[in-house]
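> Dropping the sequence and predicted coords here.
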Amino acid sequence: MGKILVTGGTGYIGSHTVVELIKNGYDPVIVDNLCNSKIEVLNRLETICGVRPKFYQISVQDKEAMRQVFEENEIDAIIHFAGLKSVGESVLYPEKYYSNNVGSSKVLLELMDEYRVHNIVFSSSATVYGVPERMPIVESDPIGNCSSPYGDTKYQIELLLMDYAKTHEDANVAILRYFNPIGAHPSGLIGEYPTGIPNNLMPYITQVAVGTLECLTVFGGDYDTRDGSCIRDYIHVCDLAEGHVYALHKLETKPGLVIYNLGTGRGTTVLELVHAFEEANNMKINYKVGARRDGDVPENYANCDKAYKEMGWKATRTIKDACRDSWNWQSKNPHGYDK
Ligand code: NAD
Ligand code: UD1
């Protein structure tokens, strides 16, 4: 495999994966409509990689425009990151989430058929497990019953891919269920910068650290956990990016459908993450413990043995590495990709 279509390739996880792809000799072709990322990412990728990836500014939902991409490039595999990911927004505008997330996946599968592309890696999420029955979560645990339309779109796309794999003998499909990505490329040139006030924990912490926000509220201090705050499985985005290269290697063995959790297998509390950030960067984070956030589960972490057994992949970076790299990115880019 050589040429990889990376949808959503200028986004947070996509851009880090493009770096890994180039490092491993692949030739990524990025499609992104820039609805949640910046064109500046391409300059940064060129600085890191020494080559500028080919880029199309189009929506994956636009089948005619996408057909052009398939005409102009002999695609061997697709990594499908493109999608909307704000849980809160999905509750307000579910139809926007269904049409963008499920709609773009449908377009890709139709074009895979038309252009005989057999391989696809899909960005799913731990959110498909809904309220998990046990910890750590294994891939065979029940999915569905998601807590938001965003989660429902990931679940629907998984079902679509599973049916596609069943009905297409030549298809190789890797569904990757990410846990909580944090961190940034060690160069500090690419990273996460959400628009508006961040919903996710790490960008909130870094924006308090840089002075954009005043105080972090820890959502709930009375959970039945070791320090009362929620437990999540935070994975360094570079480990996650590497997981996609392993997934492509796995698809080369023509496995049909495979599903993997990508996390670290270790749970970290909100307070532990705050303190790890303070230690790694030798600074204090202004925080207070507040009320629980609706929809949060007390703990959520992965069993990642399957990804290691079947692909040889495991996360190698520590929480401290991620805290250092998140701050390196944020402090060098206080306004993200804007000047
Ligand atoms: P991101 O928003 O940074 O990247 C997604 C990219 O897709 C953006 O650049 C956006 O402009 C683009 N995009 C959206 N709709 C598009 C469309 N119709 N056509 C073309 N481009 C489009 O998000 P991310 O954090 O990099 O997430 C990547 C994928 O991983 C998403 O599918 C997300 O749902 C999934 N995921 C993310 C997390 C997380 O915590 N970040 C966790 C689990 C799963
Ligand atoms: C959230 C989404 C999930 C999505 C994931 C990655 C919800 C309910 N879930 O997961 O669907 O896949 O993001 O995008 O929104 N926290 C604070 N203070 C803050 C922010 C967060 O204490 O200001 C806590 C949360 O309560 C949680 C932990 O930090 O315990 C992580 O939160 P977050 O980064 O939003 O991720 P998830 O809730 O795991």
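Alright, I've got the coordinates. Ligands and ions are numbered 1, 2, ... in the order given.
> The residue of the stretch 151-300 of the chain found nearest ligand 1: what's it in contact with?
Among the residues of the stretch 151-300 of the chain, residue 178 lies closest to ligand 1, at 3.8 Å counting by C-beta to the nearest ligand atom. For glycine as for every other residue, the C-beta is placed from the backbone atoms N, C-alpha and C. By C-beta atoms under 8 Å, 6 or more residues apart in numbering, the contact list for residue 178 reads 13, 123, 124, 125, 126, 235, 240, 262, 263.
> let's see 10 Å
13, 123-127, 154, 233, 235, 237, 240, 243, 260-263, 302 (C-beta atoms under 10 Å, 6 or more residues apart in numbering).
> ok, and of the residues you listed, which contact ligand 1?
Of the residues in these, proximity to ligand 1 by C-beta under 6 Å from any ligand atom holds for 13, 123, 125.
> The residue in the chain that ligand 1 sits nearest to: neighbouring residues, count only.
In the chain, no residue comes nearer to ligand 1 than residue 11, which is 2.0 Å away by C-beta to the nearest ligand atom. Neighbourhood size, residue 11 [other C-beta atoms under 10 Å]: 25.
> hmm, back to that, give me the subset of the contacts of residue 178 that lies in strands.
The strands, defined by DSSP state E, take in 123, 124, 125, 235, 260, 261, 262 from the contacts of residue 178.
> Check the residues you listed for burial and list the buried ones.
Among the ones in strands among the contacts of residue 178, those buried by neighbour count (16 or more other C-beta atoms under 10 Å) are 123, 124, 125, 235, 260, 261, 262.
> what's the most distant pair in the residues you listed?
Checked with C-beta to C-beta, those reach their widest spread between 124 and 235, with 14.0 Å between them.
> OK, contacts around residue 33?
7-8, 10, 56-62, 65, 82, 100, 104 are the contacts of residue 33 under C-beta under 10 Å, 6+ apart.
> could you pull out the strands for this structure?
Under the criterion DSSP E, strands of the chain are mapped to 3-7, 27-31, 54-56, 77-80, 119-125, 172-178, 180-182, 216-219, 231-232, 234-236, 257-262, 268-269, 287-290, 299-300.
> Mind checking the ones you listed for the one nearest to residue 196?
Nearest to residue 196, of all the strands of the chain, is strand 216-219, at 16.0 Å by C-beta to C-beta.
> top helix in the protein by residue count?
The residue-count maximum for a helix in the chain (DSSP state H) belongs to helix 149-167.
> near ligand 1, which residues of this structure?
With C-beta under 6 Å from any ligand atom as the criterion, the chain comes near ligand 1 at residues 7-8, 10-14, 31-37, 59-61, 81-85, 100, 104, 123, 125, 178, 180-181.
> let's see it at 5 Å
By the rule C-beta under 5 Å from any ligand atom, the part of the chain lying against ligand 1 is 8, 10-13, 32-33, 35-37, 59-61, 81-83, 85, 104, 123, 125, 178, 181.
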